[in-house]
Every structure is written in C-alpha cells, then in structure tokens.
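Chemist: okay, here's the prediction I keep looking at, along with the sequence it came from:
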Number of protein chains: 2
Amino acid sequence: MNKCDQCIVRQLSSLKALNKEEVIKLASSKTTYKIKKGEAIFEEGEVTNGVFCVKDGVGKLSKLSANGKDQIVKLVKSGELLGQRSMISNEPANLTAKAIADMEVCFIPKTEIINFFNTNNQFSLNMMQSVCEDLKESENEKIALVQKTVKQRLAETLLHLHDAFGEDTDKTLKVQLTREELAGIIGTATESCIRLLSDFNKLGLIELVGKKILLKDVRALKKLADN
Amino acid sequence: MNKCDQCIVRQLSSLKALNKEEVIKLASSKTTYKIKKGEAIFEEGEVTNGVFCVKDGVGKLSKLSANGKDQIVKLVKSGELLGQRSMISNEPANLTAKAIADMEVCFIPKTEIINFFNTNNQFSLNMMQSVCEDLKESENEKIALVQKTVKQRLAETLLHLHDAFGEDTDKTLKVQLTREELAGIIGTATESCIRLLSDFNKLGLIELVGKKILLKDVRALKKLADN
DNA sequence: TTATTAAGATGATAATTGTCATGTTATATT
DNA sequence: AATATAACATGACAATTATCATCTTAATAA
C-alpha cells in the first residue's frame, strides 16, 4: 500500500482518474514538503515545472499591487491541486502561493503529468474541467466585484468561507484569516473590512469571537449578498 | 478543397492541431450562421452542446446584473472559439454571447469535439491552453478591477482594444463600442465613462471623432494605466 | 421630411469607499 | 514581566464614483 493511493488529493482532484499503476508511478516521482503558515510555496514569476498537491492546510493565491496591497485571487484547501495553469501554459507563475495555515504539499514534476495527459484521456478531461471551474469562478467574481458593493461582497465571502471550509467546534469559521487577508479577498481596504464586520456584528448578522467570526444569521447574510 | 481548411479559425484556434481527415469530418458536421449586430448567439442558462467558431465579426460575452447593467467579461474576434468552457464543464452557458459587429459563426457539435479530444492529444492540449489563457486574463482583470481606478482601467482598456482590434483607415479604433459597452468592460457607470473620455480628449490623450475614438498619445495612456 | 428614439454629454449632488491619524488589544520576543 | 510588534478598531476627512436630471446630437422609423 503506497501513500498516494489513500491521499485526499487522489480522491478529490483530477488525480482520481489515475489507475493503480499510474498512482505507483506518481508516488515514486513526488516530493513532499511541509510549509509553515506565512511561507511561500512559489512566488509570482517563478518557474514551477510541475503541480503541487495540497494534502493538508490552506493556501492563498495572490498578487501584490504597487501600493503594497495583496489581492487574493483564490484560496486552496486540502484535496486540491496548485499551479495547474502555469504548468499547462508553460509560463512562470502569475500569482504567489502562500500558506495561510500550516500546509503539507507534494510536488509532482511536469514530465509526469504530461505522461498522464498522453496516456489517460479521463485525466486530461478532469484537469481541463478543473481549470474551467476556476475560470467560471473567476468570471463570476469579476462580475461581483463590479456589480456588488463592498458590503455585499463581504457577506458573500463570509458565506462562501463557511461553505468551503466549514466551522470550528465553537461554530466560528474554520479558516483563520486576518482582517487584512479578508479585505484582500473582497477587494477593499483593511479598515473598510473591519468597519463592516463591526456593522455586521452590531446588526446581529455575525458575532466576533476574539478574532474569529461566527455567522449568526445566514439567511440575512444571503439576502444582503444577493440584493 | 473544403471550406474549413482555409478558415481563419482553423489557422488561429485549437483547431490548428487537426489533421486533414479531421478537418474533413469537421466540415461535414458544422453548421454556419450569420448573426446581425445586437443579436445573441447564445444566452446565459442555455445549453449549447458545442462550440462556435468565429469566422468574422466581433462578439461580447456578458452578464446582466439585477440593476440592468451589462458587465462585459470578454470580447471575441474572428479566429477564436466561443463556448468552450460550458461545453467542457457540461454546464449551461454562464454568460450571454452577442454580436457587436455582424458575425459569421460555425457551430461544431460537442460529439465531434469529444472525438477529437479522444484521438488527438495536441488538440486537447491546445484547448486546455486556451482555457488557461482565459483564466490568466480573467484573474489579471479581476486584480485590475480592485487595484486600479476607473481612469486607469479606461486607459488600459483603450490600449487593449487598440492592440487586439487595431485601427480603421482614419486611425480610430476599429471596434465600434457604444459608451455603454465600454463602461461595461471597465466596470463603471456609462456617465463616468463618457466623462472620462471627455477628460482624456481635453488632455490630448485621445480624440473623439464623432462616436469613434482615436488614440493620440499612446505613451501617456500607458503611463496613466500603469501608474 | 418629420417624429421618435437612442446615444452621447454635462452639471449637481449624494453615496460609497479609501486614506490618514490615533488608540486599543493581542501576540510574540527578549 | 517588560517591551516590541502586529492585528484590530474607530473617528475624521477626502476622493472617487454613482445617480439623477437635463440637454444636445445622431440614428431610425413613420
């Protein structure tokens, strides 16, 4: 029994199309890394030459602006692949990937992936669908950025974080984002984000448990996000 | 000699990976349509079950918001494919596709494309790269929406339209967009867009020739867009 | 041609959001 | 424990951008 076979990434990502033999090849070519919170997996402009499997933890894909603000494009969690686009496009990374919570990732070299492309159509199709999914999300977020107010986007993002990452035992959001990071996701100033969280708190939509956030009135948040 | 072989889409898109036999199959399965300016090729929510080759004209992919504003996500021109994402994802269209200038498009049924996927690896890879290119653009535009002002985005968009579509004989931009559509691309109110065009005109950055736009000071526009 | 509608333009004003300043509370380091 | 630093919070204010109203000009239909 090799490790990759039981891995969550193997179960959830495009890799699920691989057969036993392929998984064995995969296991022998991979390299495992541990990345501490705050550390980078790869930076914008770097040539990665492969993809990363996220075994555990949470990461962010972001881009630093001229004025020092970090716009977060996507959060990745365990079970997902990282760096697919750059690898397929044969380009250096367009975004920086950093750990938001301690991560364990495996690196799979490009040569291996290309092999799978050539011999396993379902794998190709899966990866294509995964990129398509990212594209759809990105387009919809782009539209939301223009058509919704910061308040609406905050409500929407809180709901999305709840959906995607779930709750801790104390019912607060499981992903631990700083206010600055949350602002980076919704595309606003940190102060605006903090202010709106305060407002939401006063309105009873959420509760601020220290730095953590508890969604108290999901229905009202949904209404706010949509309207 | 069949028509598809000489078609611009065959030369520029993923279809360039097809061999002679495949092109013959393609030609026999396609359907050609003419779409007048303003008409839709497909609408949000529609199941398209194939892709469209843009032989001629210009189209826009957009989404209507609750308040009646039309956010334009992408412009497509001759040589490009349309509807790849929905087809690959097996989903109804996420966006509406409409003609901005009279178009000629060919519809290729999904079954045909899937066949090519299964028998032609280069074709698969090309299409994957095309989606990846869209994803990169979408992410970068998302970042620009947040990190740049409306003024900067307008400058950037004018330059991009110049790059992508070129000039008419009178040196004005070849794509004929209404101010409303231009506003829909940069994500702002029509009035704001008109106002800024006026400002740019007064500053000598552009010249307004009737409804058409002539870029007078490309260097200054670039500086404005980047800074 | 004339009437009608759409597109473009501009002013006045309000709303949203960003920026700067400052204070407080946590967290980490010595 | 004391100090330093980072994260959170809030007020005051300015800048950007949206909205509404009105007007002109161009395109289209009758």
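Modeler: Perfect, I can see it now.
Chemist: the helix or strand encompassing A:V54 near DNA strand D anywhere?
Modeler: Assigned by DSSP states H and E, A:V54 belongs to strand A:50-64. No. Counting by C-beta under 7 Å from any atom of the strand, DNA strand D has no neighbours in strand A:50-64; the shortest distance is 13.3 Å. From N, CA and C alone the C-beta is placed, and that goes for glycine too.
Chemist: which other helices and strands contact that strand?
Modeler: helix A:8-12, strand A:31-35, strand A:40-42, strand A:70-77, strand A:81-82, helix A:84-89, strand A:96-109, helix A:110-119 (3 or more C-beta pairs under 8 Å, 6 or more residues apart in numbering or on different chains; DSSP states H and E).
Chemist: tabulate those (TSV), appending mean pLDDT, mean neighbour count and distance to DNA strand D.
Modeler: Below are the helices and strands packed on strand A:50-64 laid out as TSV (pLDDT from 0 to 100; neighbours: other C-beta atoms under 10 Å in any protein chain shown; distance: least, C-beta to the nearest atom of the strand, whole Å):
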stretch	mean pLDDT	mean neighbour count	distance to DNA strand D
helix A:8-12	96	17	28
strand A:31-35	95	14	17
strand A:40-42	96	19	15
strand A:70-77	96	20	11
strand A:81-82	97	23	23
helix A:84-89	96	22	27
strand A:96-109	96	20	11
helix A:110-119	95	16	34
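Chemist: domains of chain A?
Modeler: Annotated domains of chain A cover A:3-132, A:148-226 [automatic domain parsing].
Chemist: would you mind measuring the gap between the ends of the last one?
Modeler: Which is domain A:148-226. Terminal residues of domain A:148-226 are spaced 9 Å apart (C-alpha to C-alpha, to the nearest Å).
Chemist: follow-up on the earlier one: touching DNA strand C at all, the strand holding A:V54?
Modeler: No. Strand A:50-64 does not reach DNA strand C (C-beta under 7 Å from any atom of the strand); its nearest approach is 14.4 Å.
Chemist: distance check, A:G83 against B:K3.
Modeler: 40 Å (C-beta to C-beta, to the nearest Å).
Chemist: quick revisit: the helices and strands packed on strand A:50-64: which one's closest to A:K216?
Modeler: When the helices and strands packed on strand A:50-64 are compared by C-beta to C-beta, strand A:70-77 sits nearest A:K216, at 22.6 Å.
Chemist: the closest one packs against which elements?
Modeler: Counting contacts by 3+ C-beta pairs under 8 Å, 6+ apart, strand A:70-77 packs against strand A:50-64, helix A:121-147, helix A:150-165, helix A:179-186, helix B:121-147.
Chemist: do it and DNA strand C meet at all?
Modeler: No. On the criterion C-beta under 7 Å from any atom of the strand, strand A:70-77 is out of touch with DNA strand C, staying 11.0 Å away.
Chemist: tell me which of the domains of chain A sits most buried.
Modeler: domain A:3-132 (a mean of 18; mean count of other C-beta atoms under 10 Å in any protein chain shown).
Chemist: quick one: end-to-end distance for that domain.
Modeler: Domain A:3-132 stretches 29 Å from its first residue to its last (C-alpha to C-alpha).
Chemist: now stretch A:5-18
Modeler: This stretch, stretch A:5-18, spans 10 Å end to end (C-alpha to C-alpha).
Chemist: and the average pLDDT for the strand or helix carrying A:A27 is what?
Modeler: Here A:A27, judged by DSSP H and E, is contained in helix A:20-29. Averaged across helix A:20-29, pLDDT comes to 95.
Chemist: which residues of chain A lie near DNA strand C?
Modeler: Applying C-beta under 7 Å from any atom of the strand, we find that chain A lies next to DNA strand C at A:N67, A:T149, A:V150, A:K151, A:G187, A:T188, A:A189, A:E191, A:S192, A:G210, A:K211.
Chemist: ok, now which ones touch the fifth one?
Modeler: For A:G187, the set of contacting residues under the criterion of C-beta atoms under 8 Å, 6 or more residues apart in numbering or on different chains consists of A:Q71, A:L145, A:V150, A:R153, B:L145, B:V146.
Chemist: hmm, the fifth one is touching B:Q152, no?
Modeler: Going back to what we said before, that points to B:L145. No. Look at B:L145 against B:Q152 with C-beta atoms under 8 Å: they stay out of range, at 10.5 Å.
Chemist: phi, psi for A:N120 please.
Modeler: Main-chain torsions, A:N120, degrees, to the nearest 10: phi -130, psi 100.
Chemist: ok, it - contacts?
Modeler: Per C-beta under 8 Å, 6+ apart, neighbours of A:N120: A:A17, A:L18, A:N19, A:E22.
Chemist: between the residues you listed, which is nearest B:L173?
Modeler: For these, the nearest to B:L173 is A:A17 (45.4 Å; C-beta to C-beta).
Chemist: in chain A, what secondary structure element scores lowest on mean pLDDT?
Modeler: helix A:3-6 (a mean of 89; mean pLDDT, DSSP states H and E).
Chemist: off-centre distance for that one?
Modeler: 22 Å (C-alpha atoms, centre = their mean, to the nearest Å).
Chemist: and it, what other elements does it pack with?
Modeler: Using 3+ C-beta pairs under 8 Å, 6+ apart, helix A:3-6 sits against helix A:20-29.
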